Structure formats: C-alpha cells, structure tokens
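> Curious how this folds, go ahead:
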Amino acid sequence: MARSINQVILLGRLTRDPEQRSTSSGKTIATFSIAVDRATQDDTADFFEITAWEKLAELVMQYLSKGRRVLVQGRLRQDSWDDKETGKKRSSVGVTATDVTFLDGPSDGARPSSSAPSGSNSGSSKKTEDVVIEDIDDKPIDLSEIPF
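Down below sits the predicted model:
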C-alpha cells in the first residue's frame, strides 16, 4: 500500500502584507496571500492563502511585505465551516507553510537581496550573515576541486 503525500511548492508574490495573530495558548500565526502567475498568455494568476506558525511566522512578519517574491513549501489543508448568515456549509483550501524562502530584498534597501534569509520550522537559532557574491566567471567547474 502506498503512503499518502500532501506537499505543495509555490513561487509567487505577496498580494498583501502579512497579518499576525496568536492562539489562546500563545502560539504566533502569520497569514498572507500569494499570487502565482499561470504559464498562459492571458496574464492570469492563481491566489493562495498561506499560514505560517511560530518561529516561521515571526520571520514572515519581520521580512515580508506586499509585492515580495517568495517560495513557499508546505501542505494543503481544507477548512470547513457553517456560514452564519446563510447556514450553508462552506469550505476553502489553504496552505500551511513548512518553509518560506524570501527571494527579494526589502524595498528600502536595508539588506541586499542576495542575503535574504530562508525561514524554517526547525527552530534553529543560527544567525545569518550578509553574503556578497563577487563576480562569477563562466569557466568550467573542475570536479576534482569539490571536497566531497
């Protein structure tokens, strides 16, 4: 019997600034929406509601804003509820993020775009340092120089 897999990878731009809230037990939650362009010529996009939890949510709130590009990895979840006005059953599909990679630098220029951190749910407290990439030449790579 095959195992079930629930994994999604999305690359898009934030359609609004992230919003933060906390659960009754004190866990931080950040929600944001991204637009993912379709590969067609008609300039359409698909929109996805993303939820990040705890440390990842804190990083999202610190580094992301409307218009920034992100790569989101996570799992799909379906929420169901009864509409209070009509009494009808409603549902929506969203993404619970397990990792968010920040692809653009902030618009104010405070941090170079090549050093934008990648958020992670692992809880590690390593500090990221600014990395500046020098000129890269087009010489072939000598595989014998790779240490592994």
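> ends of stretch 77-90, how far apart?
14 Å (CA to CA, to the nearest Å).
> What are the contacting residues of it?
Stretch 77-90 has contacts (CB atoms under 8 Å, 6 or more residues apart in numbering) with 91-96. C-beta: built from backbone N, CA, C; applies to glycine.
> Report the buried members of the residues you listed.
Applying 16 or more other CB atoms under 10 Å to the contacts of stretch 77-90, the neighbour count classes 94-96 as buried.
> For residue 19, state which of these is nearest.
residue 94 (13.6 Å; CB to CB).
> Next up, the contacts around the closest residue to residue 47 other than its chain neighbours.
Leaving aside its sequence neighbours, residue 47 sits nearest to residue 35 (CB to CB, 6 or more residues apart in numbering; 5.4 Å). Contacts for residue 35 (CB under 8 Å, 6+ apart) come out as 12-13, 15, 45-47.
> Assumed residue 35 was part of a strand.
Yes - assignment of residue 35 by DSSP: H, G, I helix; E, B strand; the rest coil places it within a strand.
> quick one, strands of this protein?
8-14, 19-22, 28-37, 45-53, 69-82, 89-102, 118-120 (DSSP state E).
> The fifth one pairs with which strands, parallel or anti?
Here strand 69-82 is paired, per DSSP bridges, with strand 8-14 (antiparallel), strand 89-102 (antiparallel).
> Pull the distance from the shortest one to the chain's centre.
Relative to the centre of its chain, strand 8-14 is centred 7 Å away, using CA atoms, centre = their mean, to the nearest Å.
> So what sits opposite residue 12 in the bridge?
residue 70.
> Count the residues that sit near it.
21 (other CB atoms under 10 Å).
> With residue 145 instead?
Residue 145 has 6 nearby residues by other CB under 10 Å.
> Just the pLDDT for it.
We have a pLDDT of 72 for residue 145.
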